[in-house]
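*Asks:* No letters, just coordinates:
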């Protein structure tokens with residue numbers, strides 16, 4: 001069947017964390033409520049908020065004190081992550097009764113491809129979306145917003161289009177009317193950095209991106225530019241992949257466009273530390289090691305330089321990625337030449353530690369050092385899982401964490 005004849009749903013649980021917490025506190029349902037990491041700390045951040053809190057302008061990821069300036073009567077609840085995982089499984093179990101093609105996208109979102117199964121449920125994709133919304137509300141007490149479209153990107157735009165508890169259809173007949181007026185940042189993977197670059201050329205809506213030259217998009221944003229141009233024109237044929245059929249990860253990377261140009265080695269090392277921390281953390285989360293690393297540098301004139309190297313042995317440790325990355329940077333860059341963007345990508349991924357050189361007489365000492373680093377970095381992972389990503393950082397990171405870089409594109 002042609003990819004543009006598909007029926008794809010994107011189901012997004014509304015205010016998921018807050019909605020789950022309110023199941024235990026029904027008396028708070030009409031009051032402004034937020035879930036936060038540490039209610040006693042002014043430095044804690046908002047993890048989720050209900051519709052009442054949204055009306056006061058409370059935003060996810062802002063600090064508690066900022067949220068309370070907007071809403072002094074904001075009620076704060078601690079998170080219960082095990083409950084979120086349990087409800088996510090229950091919701092996806094309902095989805096699985098309509099199709100075997102269910103692809104989770106985070107804990108509270110999933111794509112469903114009902115192209116081959118919708119005839120079993122009446123044949124109307126929008127009606128099936130409404131039926132699923134009704135079941136989730138009746139059986140679990142949660143609400144969904146569902147986008148219905150012929151590709152994954154537009155289905156996700158549909159679920160974001162009207163909230164809460166709504167179904168939006170973006171069809172081959174109406175997609176230009178709905179999609180093109182939307183901000184370009186609504187597109188999947190169009191982060192703040194990409195938005196800033198496109199805005200410099202007057203590209204602020206999806207329609208403006210769709211009608212520009214693809215070559216310009218690629219020149220401005222590289223591979224991502226071509227991908228976003230295709231999305232803006234409805235050219236997304238990516239399949240919905242069940243959890244057990246996910247594509248093998250070939251690389252794990254992160255990039256960041258800095259608010260001000262970097263001109264000193266200390267600034268560059270700090271930026272690289274943040275990126276390497278992010279990449280190493282994701283490698284460990286996925287049980288992977290990398291045997292090579294690549295770095296990218298972009299100057300204010302959008303000139304790109306990239307280099308890569310193989311490592312003496314595979315790793316998923318931040319310190320080793322940082323030293324290898326800085327070695328590459330030092331070969332191609334001299335201060336004070338300004339740097340606008342940095343990227344780090346882990347390549348040659350494996351599931352086991354491997355060595356690529358004959359070990360020296362000093363190998364036992366090196367193994368002990370690596371074991372200490374492994375223990376340290378896994379301890380940091382555990383602290384972040386318990387207390388949040390901002391709870392602890394490496395000295396090179398200067399008090400921030402690489403997770404603050406999530407606004408820029410990530411590969412993997």
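*Replies:* Yep, that arrived. Remember, predicted model here, so these are calculated numbers, not experimental data.
*Asks:* pLDDT at residue 383, what is it?
*Replies:* Looking at residue 383, its pLDDT is 62.
*Asks:* With the one 3 residues further on instead?
*Replies:* Reading off the per-residue confidence, residue 386 sits at a pLDDT of 55.
*Asks:* List the buried residues for stretch 229-245?
*Replies:* By neighbour count on 16 or more other Cβ atoms under 10 Å, the buried set for stretch 229-245 is 229-234, 236, 240. Quick note: C-beta positions are derived from backbone N, CA and C, even for glycine.
*Asks:* which one of the residues you listed is nearest residue 216?
*Replies:* For these, the closest approach to residue 216 (Cβ to Cβ) belongs to residue 229, at 8.8 Å.
*Asks:* Surely the closest one touches residue 219?
*Replies:* No: contact criterion Cβ atoms under 8 Å: residue 229 and residue 219 do not qualify, at 11.2 Å.
*Asks:* mind listing the strands for the stretch 151-300 of the chain?
*Replies:* For the stretch 151-300 of the chain, the strands defined by DSSP state E, counting those that start in this stretch occupy 167-170, 252-262, 289-298.
*Asks:* Dump these into CSV; add mean pLDDT as well.
*Replies:* As requested, the strands of the stretch 151-300 of the chain are arranged in CSV below (pLDDT from 0 to 100):
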stretch, mean pLDDT
strand 167-170, 98
strand 252-262, 89
strand 289-298, 93
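*Asks:* between those strands, which one is nearest to residue 157?
*Replies:* Checking these against residue 157 by Cβ to Cβ gives strand 167-170 as the closest, at 6.4 Å.
*Asks:* what does the closest one contact?
*Replies:* With contacts defined as Cβ atoms under 8 Å, 6 or more residues apart in numbering, strand 167-170 is touched by 125-126, 129-130, 133, 145-150, 154-155, 157-159, 161-162, 178-179.
*Asks:* Could you tell me which of those residues count as buried?
*Replies:* 125, 129-130, 133, 145-150, 154-155, 157-159, 161, 178-179.
*Asks:* Next, format the strands of the stretch 151-300 of the chain as a markdown table and append distance to residue 92 and mean neighbour count.
*Replies:* Listed next are the strands of the stretch 151-300 of the chain as a markdown table, based on distance: least, Cβ to Cβ, whole Å; neighbours: other Cβ atoms under 10 Å:
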| stretch | distance to residue 92 | mean neighbour count |
| --- | --- | --- |
| strand 167-170 | 19 | 23 |
| strand 252-262 | 25 | 19 |
| strand 289-298 | 30 | 21 |
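*Asks:* Mind putting the ones you listed into JSON lines with distance to residue 187?
*Replies:* Listed next are these as JSON lines, based on distance: least, Cβ to Cβ, whole Å:
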{"stretch": "strand 167-170", "distance to residue 187": "13"}
{"stretch": "strand 252-262", "distance to residue 187": "17"}
{"stretch": "strand 289-298", "distance to residue 187": "21"}
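*Asks:* Ok, which of those strands comes nearest residue 112?
*Replies:* Nearest of the strands of the stretch 151-300 of the chain (Cβ to Cβ): strand 167-170, 12.8 Å.
*Asks:* tell me how far the closest one is from the chain's mean position?
*Replies:* Mean C-alpha position of strand 167-170 versus that of the full chain (Cα atoms, centre = their mean, to the nearest Å) differs by 23 Å.
*Asks:* Each with direction, which strands does that strand pair with?
*Replies:* Sheet pairing of strand 167-170 (DSSP bridges) gives strand 144-149 (parallel).
*Asks:* which other residues reach the partner strand?
*Replies:* Residues external to strand 144-149 that are found in contact with it (Cβ under 8 Å, 6+ apart): 7-14, 125-126, 129-130, 132-133, 136-137, 154-171, 175.
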